[in-house]
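Visitor: curious how this folds, go ahead:
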Amino acid sequence: MSGPASTPHASSQAAVLDVIRAAGTISRVGLVRATGFTGATISTVVRRLIDDGLVLETGRAESTGGKRRVLLQLNQSSRFAVGVHLDHAGITYVLTNLGGSVVARMSRAGVGTDDPPAVVARMALEIDALIEGAGIDRGRLLGLGLVAPGPLNQASGMQLVPPAMRRWEDFPLDRELATAARLPVVLDNDATAAALGEHWSGGVGNASTLAAIYMGTGIGAGLLINGIPYRGPSGNAGEIGHICIDAEGPECWCGARGCTEVLAGPGAVVTAAREDPELARAVGLATTPDRSRRVADFAAVTRAALRGDAGARRLLERSARYLAVAARTLANVMDLEQLVLTGPSLAIAGSIYLPVVQEELDRAFFSRATHSVAVRLSRSAATAPAIGAAAMVLQSELVPLREGLRLPDNLADAEAAGGGVVTTS
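Guide: Below is the predicted model of the structure:
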């Protein structure tokens, strides 16, 4: 269940639908207790959701001495969303149902050196192929979520300025793709999307503060506070890849020195491996660096470490220690309850990084005497940003948020007598 406390909704229908999503199954009586709405309001809202095909009646709850309650759940196949993760190394597409489960996915070549308009045209064709291949009626598609590495400038379109994607700076990719794909587009940072995907698919429990550390070609973090993404005024909150770990360290592409990304990122690991001729030969690294192969080369070093190569293992553990220090800094600032490791690089190397990060937080997290920080690997680390991109669409279209109604801490209590009720801000 992923219905954290204090999630605000824009309407009673949004609140009821989100409670049903978070609970999995719940009765009308449970909804009354969970939302604080009257029985008449719940009956009206639930009937509307059923008529719209968004909710189904599914069996009855166990008897507690009276009439067995009819249970409600999402109609998972009633609506769908497309999620797209754009990166220099590759483009990942997913099609998810209403519950955030992936029903189709594919990966294609990254942006490379192609001109942005050519990439947009290709993406539109690949999105059509994804939808048609899944046999989904476009009338049931809510839209398309598009995510990419930061920094983003959401006020003036898309601004991508990591070195590998300089040519995309200021290109309005979201608007161009919306026109080419004939779908409304929601734009966000890939790390933020990864965090939201964890929330929507039910993987974060009731944590009120969650971060998803994302490592692909670079490093970032998505932040959720009470189930709501915290983006900051420019949409670039959570850039832990550019927290300073060593004030006199190597220069980062962002202009600062000693950033997490330049010390712990896949590029740093691959560069260090290439500087060791014996290790480079054993791993099969090309002599000349190729940015487009960064994730693949990092995967090769990881496989060597997992096979028992001591040199490769040392490089990854050094990277993990740097990342752990950045994670501790983020945990201290945000007073985190839960931390998820995700992204293509951590999908491969997560088993090495997780114990190092957890040990650092257990040892040195400032509030450890009050509560711990649970660290885990994402169940869908390789495709997390694309799944989160689709979740952005589902949330924005079906459970839009505003200050107001709030989910209770424990939805299971709402189904039982004496369950919690909603408060208002």
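Visitor: now the strands for the stretch 51-200 of the chain?
Guide: Shown for the stretch 51-200 of the chain, the strands assigned by DSSP state E, counting those that start in this stretch span residues 55-60, 70-74, 80-86, 90-97, 102-109, 141-148, 185-189.
Visitor: and the helices in the stretch 201-350 of the chain?
Guide: If DSSP state H, counting those that start in this stretch is used as the criterion, the helices of the stretch 201-350 of the chain fall at 260-264, 266-274, 277-283, 294-306, 310-334, 344-364.
Visitor: contacting residues around stretch 311-321?
Guide: The set of residues that contact stretch 311-321 without belonging to it, under Cβ atoms under 8 Å, 6 or more residues apart in numbering, is 263-265, 268-269, 272-273, 276, 278-279, 283, 301-302, 304-305, 349, 352-353, 356-357, 360. Where you see a C-beta, it was placed from the backbone N, CA and C, and this is true even at glycine.
Visitor: what are the buried residues along it?
Guide: Within stretch 311-321, the residues scored as buried using 16 or more other Cβ atoms under 10 Å are Gly311, Ala312, Arg313, Leu315, Leu316, Arg318, Ser319, Ala320, Arg321.
Visitor: sorry, back to before: what's the most buried one of the strands of the stretch 51-200 of the chain?
Guide: Mean neighbour count (mean count of other Cβ atoms under 10 Å) peaks for strand 80-86 among those, with a mean of 27.
Visitor: find the residue at the geometric middle of the protein.
Guide: For the chain, the residue nearest the mean C-alpha position is Ala194 (1.1 Å; Cα atoms, centre = their mean).
Visitor: that one touches Leu224, doesn't it?
Guide: No. If you go by Cβ atoms under 8 Å, Ala194 and Leu224 don't touch, sitting 10.4 Å apart.
Visitor: same list (the strands of the stretch 51-200 of the chain) but as CSV, adding mean pLDDT.
Guide: CSV is the format used below for those (pLDDT from 0 to 100):
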stretch, mean pLDDT
strand 55-60, 87
strand 70-74, 90
strand 80-86, 93
strand 90-97, 92
strand 102-109, 90
strand 141-148, 92
strand 185-189, 88
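Visitor: between these, which gets nearest to Gly241?
Guide: Put simply, out of the strands of the stretch 51-200 of the chain the one that sits nearest Gly241 is strand 185-189, at 11.5 Å, with distance taken as Cβ to Cβ.
Visitor: hmm, who's touching that closest one?
Guide: The set of residues external to strand 185-189 that reach it, using Cβ under 8 Å, 6+ apart, is 143-150, 152, 154, 158, 173-175, 177-178, 220, 222, 229, 231, 235-236, 238, 389, 392-393, 396.
Visitor: buried subset of these as a PyMOL selection?
Guide: In PyMOL, selecting the buried portion of the contacts of strand 185-189, with burial taken from 16+ other Cβ under 10 Å, looks like this:
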select buried, resi 143+144+145+146+147+148+149+150+152+154+158+173+174+177+178+220+222+229+231+235+236+238+389+392+393+396
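Visitor: so Ala221 makes contact with Pro229?
Guide: No. Taking contacts as Cβ under 8 Å, Ala221 lies outside contact range of Pro229: 11.4 Å.
Visitor: so what's in contact with these two at the same time?
Guide: Between them, Ala221 and Pro229 share the neighbouring residues Ala195, with contact defined by Cβ under 8 Å, 6+ apart.
Visitor: where does the protein dip in pLDDT?
Guide: Counting by pLDDT under 70, the low-confidence segments of the chain come to 1-10, 63-66, 112, 150-168, 202-206, 292, 400-425.
Visitor: okay, now the domains of it?
Guide: In the assignment given by automatic domain parsing, the structural domains of the chain cover 12-77+399-415, 80-197+384-398, 204-378.
Visitor: bridged to Thr209, which residues?
Guide: Beta-bridge pairing of Thr209 under DSSP bridges involves Ile225.
Visitor: for it, list the residues it contacts.
Guide: Contact criterion Cβ under 8 Å, 6+ apart gives Leu223, Leu224, Ile225, Met334, Asp335, Leu336, Glu337, Gln338 as the residues in contact with Thr209.
Visitor: reformat those residues as a markdown table; add distance to Leu183 and neighbour count.
Guide: Written out in a markdown table, the entries for the contacts of Thr209 read as follows (distance: Cβ to Cβ, whole Å; neighbours: other Cβ atoms under 10 Å):
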| residue | distance to Leu183 | neighbour count |
| --- | --- | --- |
| Leu223 | 27 | 23 |
| Leu224 | 25 | 27 |
| Ile225 | 29 | 15 |
| Met334 | 34 | 20 |
| Asp335 | 38 | 14 |
| Leu336 | 35 | 25 |
| Glu337 | 35 | 20 |
| Gln338 | 32 | 22 |
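Visitor: and which of the residues you listed is nearest Val16?
Guide: Closest to Val16 out of the contacts of Thr209 is Leu224 (21.3 Å), distances taken as Cβ to Cβ.
Visitor: for the nearest residue to the closest one once chain neighbours are set aside, give me its contacts.
Guide: What sits nearest to Leu224 in space, not counting adjacent residues and going by Cβ to Cβ, 6 or more residues apart in numbering, is Leu210, at 4.4 Å. Taking Cβ under 8 Å, 6+ apart as the criterion, Leu210 is in contact with Ala195, Glu198, His199, Val204, Leu223, Leu224, Leu336, Glu337, Gln338, Leu339, Val340.
Visitor: and Leu183, by the same measure?
Guide: Val82, Ile127, Leu141, Gly143, Leu144.
Visitor: and the helices of the stretch 201-350 of the chain: which comes nearest Met106?
Guide: helix 344-364 (14.9 Å).
Visitor: list the buried residues of that closest one.
Guide: Judged by neighbour count using 16+ other Cβ under 10 Å, the buried positions of helix 344-364 are 344-350, 352-354, 356-358, 360-361.
Visitor: need the max-distance pair from the contacts of Leu183.
Guide: When the contacts of Leu183 are compared pair by pair using Cβ to Cβ, the two farthest from each other are Ile127 and Gly143, 11.4 Å apart.
Visitor: joint contacts of the two?
Guide: Counting by Cβ under 8 Å, 6+ apart, the shared contacts of Ile127 and Gly143 are Val82, Leu183.
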